[in-house]
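Participant: Quick one: sequence and predicted model below, then my questions.
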Amino acid sequence: MIGDRFQVASPQVEVDDFEVARESDRTRRVVIGGVWTTLRYGLLLVYMFICIYPFLWMFATSLRDQRSVFMAGTSLIVSNPSWENYTEIWNAMNVPRAAFNTALVTAVVMALTILTTSMTAYALARSDFPGRGAIMFALLTTLLIPGEMLIIPTFYVNRSLHLVGDGKALLAVILVMTTGAQVFNIFLMLSHFRTIPRDLYDSAELDGESYFGIYRNVAFPLIRPAVATVVLLTFMGVWNAYMIPLVYLTPLPDFQTLTIALIQYSKQFQTLYHIMAAGAVITLVPVMVVFVFLQRYFISGLTEGSLKG
Amino acid sequence: MAQMSTAWKKHRAAYLMCLPTIVLFLVYMLFPIGYVIYTSMLSWDGINSVLEADFIWLDNYVRLMQDEFWWTAVSNTLLYAFLKLVIELPLALILAVTLNSGIRGVTIFRTIGFMPVVTSIAVVSLAFTFFFSPLPGAAFNEVLVNLGIIDKPIAFLGDRNTAFWTVSGIAVWHDLGINMVFFLAALQTVPRDLYDAALVDGASARDRFLHIEVPVIRPMTAIIITLSLAGSLKVFDYFAVMTGGGPGFSTTTMVLYMFRYTSFGGGGLAGATTTPQVGYGSAVAVGLGLIIFAVVLLQQWVNRWQDRRAA
C-alpha cells in the first residue's frame, strides 16, 4: 500500500516537448503533492478519531440515565447530563478505599522497585565479585520465563507465608509485582550505570566516600533519567494491573484496587453499563491526566525501556 | 572457605546491595519454578496439604496432550499472536512512516495515538463490552445497521463466529500506539545526511522508504516483533473480561485455560472446574511456559538466519 502511493509521487514523463513536459510535470507534482498531503493528514485524523471516540462515548454514557443509555447509539450528546452515576459507583465500589489501595500498592511497588533494582544494577556495574556471573545468568534466563507461568506456585508461596486471605494480601501483590519488575529494570539501570566513567568512582573513593555512599551521592543522581522511566512504567503497569490483583484481592472487598472493584461490580450488576462507565472514567482518568502532562517522558521511557533496556 | 571470606570482606557492600533482589528472586522466581514443576506431577486440589497429594508422575502432561480444548487454547493463542503481527505491526509502520514524513503537529497526533496504550486493559475491555453488545443503544451495531451492512444487531462478543475476532480487534486498537511509537523511534535514528543524499540523487519517496528507512529500522523491527510475540502469547486480560473464554472454548487462550483449573478470581471462566485441580493447572503452566519459550526462541533463530542472509 505504501509502495503504490509513493509511486504516484514520481510520475513517468514521456512527452516530446521537454519544456511542456517540465511545466506539466511541475503542475502534476503540486497537485499530487497536495492530494498526498491530504491523504497523510486524513489517515492520521481518522486514526486519532478511532483512538479517542471510544473514550468520549464512554464518558457520554457515564452521564446518561438508565433509560437514555439504551437510546444513545453513536451519539456523544447527552440531553440532560447528570452526575448521579458517579455518586452511585462512588459508594458501590467504595472509591476512596479502592483508590487508596491502588495508590498504596502503586507507590510501594514503585519505591521498592527503584531501590532494589538500582542497588543491584549499581553493584553489577561497578564490581566484579564472585557470584556476579551467576546473578547475571539467572537474570538473563528468567527474562524468558513468563510471570503467568508462576502465578500458581507464587500463590502457594504466599499462602505459606500467611500473606493470603486478609489485608496482608496487599503485601503479596506488592512482592510479586516487585519481583516481576526486577529483571527488566535491572538491565535498564545497568545500561545507564555503565555509562558512568570509572574515574568518578575512584575520585569519590579518594574523598572518603563508602561503596554505598558513592551509590547514593554520586551514581544514583546520575541515572535520574532511567529512574524517571522506571517511575512512569511502574505507575502505568501497577495502576492498570489486572491479573495479579485478581488472584489475591478478589475475595477481599476492603482491599481491592480500583480495577478489581470495578470488575467485581460489573459481575454483580451486569447491565448497569452507565454506572460502570462512570467507574471506568474514575479509574482511567488519573492515568490519562498524568500521561497527558508527561507524555514526552512516557513515550521516551517506554521506547527506551523496551528497545534499549 | 578462606577465599570466600576474603571475597565477602572485599565485596561485602556489593553483596548486601544485591541481597533484596536475590531474596525476591529465590522466593518468588527460582523456588516457584521448581515448585510448579513438582506440583505439575501431583494430583492436588490446592486446598489440602501438598504433602498428602498423590504423586502421579507425568499423568497430568498426558492428560494435557490429550485434551482437545487445550489445543483449542493453544491455536487460539497462536492465531491471536499471528493476527497481532500481521495486522497491528504493518498498520503501526504505516502510521509511523506517515508521522515521520514532515507532518505538522506530530506531538498531538502521537499523544492521542498513544492514549489507548496507557489505559487499563481490563477497564477498557469492560467499556467495550457495552460498545459491541447487541443491546439497543450500543454504538457499533447501530453504525452497521444504519449503514445497511447487517439487518439486526449481532452479539459480537457472544457469538462463536465473531467473539475471537472482535476481542483481537480491540486488542489491536489498544496496543497499536505503542508499536507506532516504537517504529517512529526507529525511523528517527535514520541519519539526516542519508535523506539529503537521497534528495540530491532524486530518489522517490518509495526508494527512500525501501533503501534507506527499511535497512535502518530492520534491527529494531526484530525487537518489536519479539516484544509483540512475547506479549501476545501471554494474553489474558482482554479475553478474561470480555468473553471469559466463551462461548464454548472459542476464545480461551493458554493463560485462561490455566486459570480454569484454579479458584483464582472466583473462577467464572468458560468451563471452570468447581473443585480446583492445581496439579493439572501446574502442568498447564509448565506447558504454556515451554510453548512461549519455544516460539520466542524460534523467532530469534529466524531472525539470526535472516541477518546472516542479509549480510
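Facilitator: Cool, the structure landed. Numbering: from 1, shown residues only, chains lettered A, B, ... in the order given.
Participant: Residue B:40 is in contact with residue B:61, correct?
Facilitator: Yes: counting by C-beta atoms under 8 Å, residue B:40 is a contact partner of residue B:61 at 7.3 Å. Yep, even glycine has a C-beta here, placed from its N, CA and C like the rest.
Participant: and those two? which has more neighbours close in?
Facilitator: Shown here are residue B:61 and residue B:40; by other C-beta atoms under 10 Å in any protein chain shown, residue B:40 has more neighbours (25 against 17).
Participant: And the pLDDT for that one?
Facilitator: As predicted, residue B:40 sits at a pLDDT of 97.
Participant: give the contact list for it.
Facilitator: Counting by C-beta atoms under 8 Å, 6 or more residues apart in numbering or on different chains, residue B:40 touches B:60-61, B:279, B:282-283, B:285-286.
Participant: what about residue A:64, how many neighbours?
Facilitator: Neighbour tally, residue A:64, other C-beta under 10 Å: 25.
Participant: And for it, nearest residue in space, chain neighbours not counted?
Facilitator: residue A:274 (5.1 Å; C-beta to C-beta, 6 or more residues apart in numbering or on different chains).
Participant: and if you look at residue A:286?
Facilitator: Residue A:286 sits nearest to residue A:239 (C-beta to C-beta, 6+ apart), 7.1 Å away.
Participant: That neighbour and residue A:287 touch, don't they?
Facilitator: Yes: the criterion here is C-beta under 8 Å, and residue A:239 meets it with residue A:287 at 5.6 Å.
Participant: about what we covered before: and the residue nearest to residue A:64, how many neighbours?
Facilitator: With other C-beta under 10 Å as criterion, residue A:274 counts 26.
Participant: any weak-confidence spans in chain B?
Facilitator: B:1-2 (pLDDT under 70).
Participant: Counting by contacts, list what the helix ranked longest in it packs against.
Facilitator: Scanning chain B for the helix with the most residues, using DSSP state H, yields helix B:278-310. Here helix B:278-310 touches helix A:151-160, helix B:31-39, strand B:42-43, helix B:59-66, helix B:68-83, helix B:214-233, helix B:254-259, going by 3 or more C-beta pairs under 8 Å, 6 or more residues apart in numbering or on different chains; DSSP states H and E.
Participant: List the buried residues for it?
Facilitator: Neighbour counts over helix B:278-310 (16 or more other C-beta atoms under 10 Å in any protein chain shown) mark B:278-289, B:291-293, B:295-296, B:299, B:303 as buried.
Participant: still on that earlier bit, mutual contacts of residue A:239 and residue A:287, please.
Facilitator: residue B:120.
Participant: So which of these two has more stuff around it?
Facilitator: More neighbours surround residue A:239 than the other of residue A:239 and residue A:287, with 23 against 19 (other C-beta under 10 Å).
Participant: before we move on, the earlier item: which stretch among the helices and strands packed on helix B:278-310 comes nearest residue A:223?
Facilitator: helix B:214-233 (22.2 Å; C-beta to C-beta).
Participant: Mind checking what helix or strand follows that closest one in sequence?
Facilitator: Toward the C-terminus, helix B:214-233 is succeeded by helix B:237-242 as the next helix or strand (DSSP states H and E).
Participant: which residues in the stretch 1-150 of chain A form helices?
Facilitator: A:2-8, A:18-62, A:84-92, A:95-126, A:132-142 (DSSP state H, counting those that start in this stretch).
Participant: Tell me which of these is the most buried.
Facilitator: helix A:95-126 (a mean of 21; mean count of other C-beta atoms under 10 Å in any protein chain shown).
Participant: list the contacts for residue B:140?
Facilitator: Contacts of residue B:140 (C-beta under 8 Å, 6+ apart): B:131-132, B:156.
Participant: now, which of the residues you listed lie within helices?
Facilitator: Among the contacts of residue B:140, the residues falling in helices (DSSP H) are residue B:131.
Participant: Output the contacts of residue B:140 in JSON lines; the columns should cover neighbour count and distance to chain A.
Facilitator: Shown next, in JSON lines, are the contacts of residue B:140 (neighbours: other C-beta atoms under 10 Å in any protein chain shown; distance: C-beta to the nearest C-beta, whole Å):
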{"residue": "B:131", "neighbour count": "23", "distance to chain A": "6"}
{"residue": "B:132", "neighbour count": "25", "distance to chain A": "10"}
{"residue": "B:156", "neighbour count": "25", "distance to chain A": "14"}
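Participant: so which of the contacts of residue B:140 comes closest to residue A:80?
Facilitator: residue B:131 (22.2 Å).
Participant: where in the stretch 151-300 of chain A is pLDDT low?
Facilitator: For the stretch 151-300 of chain A (pLDDT under 70), the answer is none.
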